[in-house]
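Enquirer: whatever this is, show me its structure:
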Amino acid sequence: MSTSRITFLKGHGTENDFVIVPDPDNALDLPVPVVARLCDRRAGIGGDGLLHVVRSAAHPEARGMAGQAEWFMDYRNADGSVAEMCGNGVRVFARYLQRAGHVAEGDLDVATRGGIKRVHIAKDGDVTVSMGRAVLPEDGVTVTVDGRSWDARNVNMGNPHAVAFVEDLAHAGELRSVPPFGPQSVYPDGVNIEFVVDRGPRHVAMRVHERGSGETRSCGTGACAVAVAAARRDGADPARTGAPATYTVDLPGGTLVITEYPDGGIDMTGPAVIVAEGVIDPAWLETMIG
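Expert: Okay, here's the model as predicted:
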């Protein structure tokens, strides 16, 4: 990996934050220890993940998508591991492309390991991402916190969610550890658990325990799962009514607007902000790879 001048940016979507490394020609190796250190909040720049910005034609995992999407979001988790997709991340990725002059307002396709994601950059600055379809398995669980129990709806957005509607978000407890649920067999690989309260017509607020992370400021797939569960609870299933169902979802880090369409497709709309730009110190980087 070259230790010549490497620029970076920092951005977030509803406080889900990312280190952005522009590398159109895929010239950077970015091994796991380097990514993990860049995302370290004390020893590096700090972020929930890293967005490696590469032209699809220049990346072996994305060349097959180059005819559909010029840009590939080579997404890494904060521990340096490779990931398929991140809903909040792809909004910030699109914002960077716009800032850099690579794209303008309007529609674009972004290549990810989870396939082509359709994105729309609105004039008001919000970014919409097509998140795919929800699957609703029939088996659910009961979630229990501090002696209170709730039935939770099973919603899969490519990852598993259990959505519980509660009277007060404080009833979710501290959320640092996994809230007890059963039967365990419903989610053998763990689950993201959302606690939801109503704020008004088609307007909810949520807190979430993300598996492996504890409580987080924002979860895009979780917000989609909550909107789908709320629509079913409210008798607003678009496949049955023939009309889109739109819910406003407040998270600790901001607000997302989720729309489910009669064909099952789900759009997520929210802010994407670039907060800083700089240069990684080559001497510091050399210590990471030396």
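Enquirer: Trp71 and Ala62: what is the separation?
Expert: 9 Å (CB to CB, to the nearest Å). In short, each C-beta sits where N, CA and C put it, glycine included.
Enquirer: kindly report the same for Asp124.
Expert: Distance from Asp124 to Ala62, by CB to CB: 30 Å.
Enquirer: okay, the two: which has more neighbours?
Expert: Ala62 (23 against 7; other CB atoms under 10 Å).
Enquirer: phi first, then psi, for the more buried one.
Expert: phi -120, psi 0 (degrees, to the nearest 10).
Enquirer: that one touches Gln68, doesn't it?
Expert: No. Counting by CB atoms under 8 Å, Ala62 stays clear of Gln68, with 10.0 Å between them.
Enquirer: strands of the stretch 51-200 of the chain, residue ranges please.
Expert: 71-77, 106-112, 115-121, 127-133, 141-145, 148-156, 160-165, 181-182, 192-200 (DSSP state E, counting those that start in this stretch).
Enquirer: in CSV, list these along with mean pLDDT.
Expert: Below are the strands of the stretch 51-200 of the chain laid out as CSV (pLDDT from 0 to 100):
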stretch, mean pLDDT
strand 71-77, 95
strand 106-112, 97
strand 115-121, 95
strand 127-133, 96
strand 141-145, 97
strand 148-156, 97
strand 160-165, 97
strand 181-182, 97
strand 192-200, 97
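Enquirer: possible to save these as JSON lines with distance to Val208 and mean neighbour count?
Expert: Formatted as JSON lines, those follow (distance: least, CB to CB, whole Å; neighbours: other CB atoms under 10 Å):
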{"stretch": "strand 71-77", "distance to Val208": "17", "mean neighbour count": "24"}
{"stretch": "strand 106-112", "distance to Val208": "22", "mean neighbour count": "19"}
{"stretch": "strand 115-121", "distance to Val208": "21", "mean neighbour count": "18"}
{"stretch": "strand 127-133", "distance to Val208": "16", "mean neighbour count": "21"}
{"stretch": "strand 141-145", "distance to Val208": "12", "mean neighbour count": "19"}
{"stretch": "strand 148-156", "distance to Val208": "12", "mean neighbour count": "19"}
{"stretch": "strand 160-165", "distance to Val208": "9", "mean neighbour count": "25"}
{"stretch": "strand 181-182", "distance to Val208": "14", "mean neighbour count": "16"}
{"stretch": "strand 192-200", "distance to Val208": "5", "mean neighbour count": "21"}
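Enquirer: on that earlier part again, got any residues that touch both of Trp71 and Ala62?
Expert: 54, 56, 111 (CB atoms under 8 Å, 6 or more residues apart in numbering).
Enquirer: so, low pLDDT: which residues of the stretch 151-290 of the chain?
Expert: Across the stretch 151-290 of the chain, the ranges flagged by pLDDT under 70 are 289-290.
Enquirer: which residues in this structure form helices?
Expert: 32-39, 87-99, 220-233, 238-241, 282-289 (DSSP state H).
Enquirer: which residue sits closest to Ser130 in space, ignoring its chain neighbours?
Expert: Arg118 (4.3 Å; CB to CB, 6 or more residues apart in numbering).
Enquirer: so the one you found touches Asp109, yeah?
Expert: Yes. The criterion here is CB under 8 Å, and Arg118 meets it with Asp109 at 5.8 Å.
Enquirer: picking up where we left off before, including distance to Ile274 and mean neighbour count, could the helices of the chain go into CSV?
Expert: Output for the helices of the chain, formatted as CSV (distance: least, CB to CB, whole Å; neighbours: other CB under 10 Å):
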stretch, distance to Ile274, mean neighbour count
helix 32-39, 16, 19
helix 87-99, 6, 25
helix 220-233, 18, 26
helix 238-241, 34, 14
helix 282-289, 22, 13
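Enquirer: Val166 is nearest to which of those?
Expert: Each of the helices of the chain was scored for nearness to Val166 using CB to CB, and the closest is helix 220-233 (11.8 Å).
Enquirer: joint contacts of Ala62 and Gln68?
Expert: Ala111.
Enquirer: hang on, the earlier thing: for the residue nearest to Ser130, which residues are in contact?
Expert: 107-109, 129-130.
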